[in-house]
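Novice: below are the sequence and a predicted model for it; my questions follow.
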Amino acid sequence: MARSTSTDKGPNNIGIRRFFKVPHVFVLLFIIVIIAALSTYVIPAGEFDRVEDPETGRTLVEAGTYQTAEQNPVGIFEVPGLFITGLNEASDIILFIFVVGGAFQIITATGVFDAVVRKVTGALGNKEILIIPLFLLLFSVGGFTIGMTVEGMALVPLAIALARSLGYDAITGVSMVLIGVYCGFIAGLMNPFNVGVAQGIAELPLYSGMWLRIIVLVVLLVSSSLFLIRYAQKIKKDPSKSIVLEMEQNRSVEELPLESGRFQTRQYFVLLTVILGLGVLVWGVSTKAWYINDIAALFLAIGIIAGLCAKMGPSRIAEEFILGAKAFTLGALIVGIAMAIPVALEEGMIIDSVINGLASVIVFLPDAVQVLGIYVAQTITNFFINSGSGQAAATMPLMVPLGDLIGMSRQTGVLAFQLGDGFTNLIFPTGSTLMAYLAASGVPYEKWVKFIWPLILIWFVIGGIFVVFADIIQY
């Protein structure tokens, strides 16, 4: 009887696991796009008037001008076109992913990353876990100074190689970069794209109130370090607990163990090329307003020069580039397909309706929770407008007079915006930057969500505490 019971349970459990198996990421995104299209039949269409700021050239929403518009629902037969439009609108990011993937494959083939990782791990000794907070701090600097987010994606392959050499996994490696840049971006000490734009609209001195944002940065870095260290130590002790276990087990057999040899002369030249290239990147982004196309061209040049330094022939460089770009095909397509979600919402003209509805609800909330209402409203809006400067331009002209009405300081309104805008950038599928990082790492979106949601929840609570504190002290 016992044997019979055992065999009965096995197939049932297998059937349950198969029933609840997470579908392919394309299927998940397709479902979300369908829901977005259907919502255009339910949510009334509407729009605000927009005006151009003569000083900055930004297009801003004009408060008090919301009006309903003729319903413009997205038909079911229009859905395939949404994906094409999404791929077209994300074409610069998709091209960037292919170019960076190809360039870094050339650099990886020189063996320089293996050599660097061995040097770093040897220098750390038994303090290897410190690499996590060090990476988070390093990349946060780029986030809170020049608003660096997608630019850090280029270093994901190196971070993953380093994490794996320490006994961790790919999700640890990509997190050391992605969480780091967003800790800095969200805190926004001198970030021109979220705090800079929002304070300009709120008519506050640029980067004023920095003392509280410094505290926010420290709290985010500490909480993120503890979260990531706990996960890294758990999977080092028991690799079977890795969220991307199957991915780690299926790594290409061509990924050989690190060699114990010293740096070769040609690898020093490759490393120098990469370091100088990153210096040019910082210079270009901070002084020349470089973005996707400029950075892609730079990394293409870095890859070719690195290959020549390693004495690769032109054909070998081309083969390695194609190999690297090919590895990023799935991730690049995911970025474009995810872009179909905001496209559906824009074509249905319901984004302004959602923003207006959220603002209307906040006015009727009890006084004690109105500031939290603004924080939550900004968080929800981030799903529809996943851009710091774009969300600031769309919501701050509404939230500033609303804050004045309920007695909330404008500095607190900026804080509620930057925290509400920032945290969910690491989980909402409408974020092209998140999808680009996952493409670079090969981490499936559903695995990332399983990994990151506890930290997002922690951050969300921390953000609420800071917003309430700011309101209490009239920040």
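Specialist: That came in fine, so what should we check first?
Novice: what about Asn381, distance to Gly373?
Specialist: No Asn there; residue 381 is Thr. 12 Å (C-beta to C-beta, to the nearest Å). Using the backbone N, CA and C atoms, a C-beta is placed for each residue, glycine as well.
Novice: out of those two, which sits in the busier spot?
Specialist: Neighbour comparison, Thr381 and Gly373: the larger count goes to Thr381, with 23 against 20 (by other C-beta atoms under 10 Å).
Novice: helix or strand: which one has that one?
Specialist: helix 370-384 (DSSP states H and E).
Novice: need the contact list for the closest residue to Phe423 other than its chain neighbours.
Specialist: Closest residue in space to Phe423, ignoring its immediate chain neighbours: Trp459 at 4.6 Å, by C-beta to C-beta, 6 or more residues apart in numbering. The contact partners of Trp459, by C-beta atoms under 8 Å, 6 or more residues apart in numbering, come to Leu220, Ser223, Phe423.
Novice: can I get the residues you listed in a markdown table including neighbour count, pLDDT and distance to Tyr168?
Specialist: As requested, these are arranged in a markdown table below (neighbours: other C-beta atoms under 10 Å; pLDDT from 0 to 100; distance: C-beta to C-beta, whole Å):
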| residue | neighbour count | pLDDT | distance to Tyr168 |
| --- | --- | --- | --- |
| Leu220 | 28 | 97 | 21 |
| Ser223 | 16 | 97 | 19 |
| Phe423 | 24 | 93 | 24 |
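Novice: what's the closest of those to Val99?
Specialist: Nearest to Val99 out of the contacts of Trp459 is Phe423 (C-beta to C-beta; 29.7 Å).
Novice: and the helix or strand where Val100 lies, what's buried?
Specialist: Counting by DSSP H and E, the element that carries Val100 is helix 91-109. For helix 91-109, a neighbour-count test (16 or more other C-beta atoms under 10 Å) marks 93-94, 96-109 as buried.
Novice: those residues: which two are farthest apart?
Specialist: Ile93 and Ala109, at 24.6 Å, using C-beta to C-beta across these.
Novice: out of the buried residues of helix 91-109, which is nearest to Val27?
Specialist: Ile94 (20.1 Å).
Novice: tell me which of the buried residues of helix 91-109 is nearest to Lys127?
Specialist: The nearest one, if we look at those relative to Lys127 and count by C-beta to C-beta, is Thr108, at 26.3 Å.
Novice: picking that back up, and the helix holding Val100, what does it pack against?
Specialist: Applying 3 or more C-beta pairs under 8 Å, 6 or more residues apart in numbering; DSSP states H and E, one finds that helix 91-109 contacts helix 156-165, helix 292-309, helix 314-327, helix 329-338, helix 432-441.
Novice: now the helix or strand following that helix, how far from the centre of its chain.
Specialist: Next helix or strand after helix 91-109 toward the C-terminus (DSSP H and E): helix 112-124. Taking C-alpha atoms, centre = their mean, to the nearest Å, one finds the center of helix 112-124 at 27 Å from the center of the full chain.
Novice: then stretch 62-72?
Specialist: 31 Å.
Novice: so where's the protein uncertain?
Specialist: Residue ranges of the chain with pLDDT under 70: 1-22, 56-58, 252-263.
Novice: what about the closest residue to Pro192 other than its chain neighbours, distance to Phe185?
Specialist: Excluding the flanking residues, the one nearest Pro192 by C-beta to C-beta, 6+ apart is Gly147, at 5.6 Å. Using C-beta to C-beta, Gly147 is found at 6 Å from Phe185.
Novice: if we can go back for a sec, out of the helices and strands packed on helix 91-109, which gets nearest to Asp367?
Specialist: helix 432-441 (35.4 Å).
Novice: in the next helix or strand after the closest one, what counts as buried?
Specialist: Next helix or strand after helix 432-441 toward the C-terminus (DSSP H and E): helix 445-472. Buried residues in helix 445-472, counting neighbours by 16+ other C-beta under 10 Å, are found at 445, 447-449, 451-452, 455-456, 458-460, 462-464, 466-468, 470-471.
Novice: do the same with stretch 271-280
Specialist: Applying 16+ other C-beta under 10 Å to stretch 271-280 flags Leu271, Thr273, Val274, Gly277, Leu278, Val280 as buried.
Novice: same question, stretch 220-233
Specialist: Leu220, Leu221, Ser223, Ser224, Ser225, Phe227, Leu228, Ile229, Tyr231, Ala232.
Novice: and the residue nearest to Trp448 when sequence neighbours are not counted, how far from Ile243?
Specialist: Distance criterion C-beta to C-beta, 6+ apart; nearest residue to Trp448, sequence neighbours excluded, is Leu438 at 5.8 Å. Distance of Leu438 to Ile243, given as C-beta to C-beta: 13 Å.
Novice: who's more crowded, these two?
Specialist: The neighbour comparison of Leu438 against Ile243 (other C-beta under 10 Å) goes to Leu438, with 25 against 22.
Novice: the closest residue to Val141 other than its chain neighbours: neighbour count?
Specialist: Leaving aside its sequence neighbours, Val141 sits nearest to Gly184 (C-beta to C-beta, 6+ apart; 6.2 Å). By the criterion of other C-beta under 10 Å, Gly184 has 29 neighbours.
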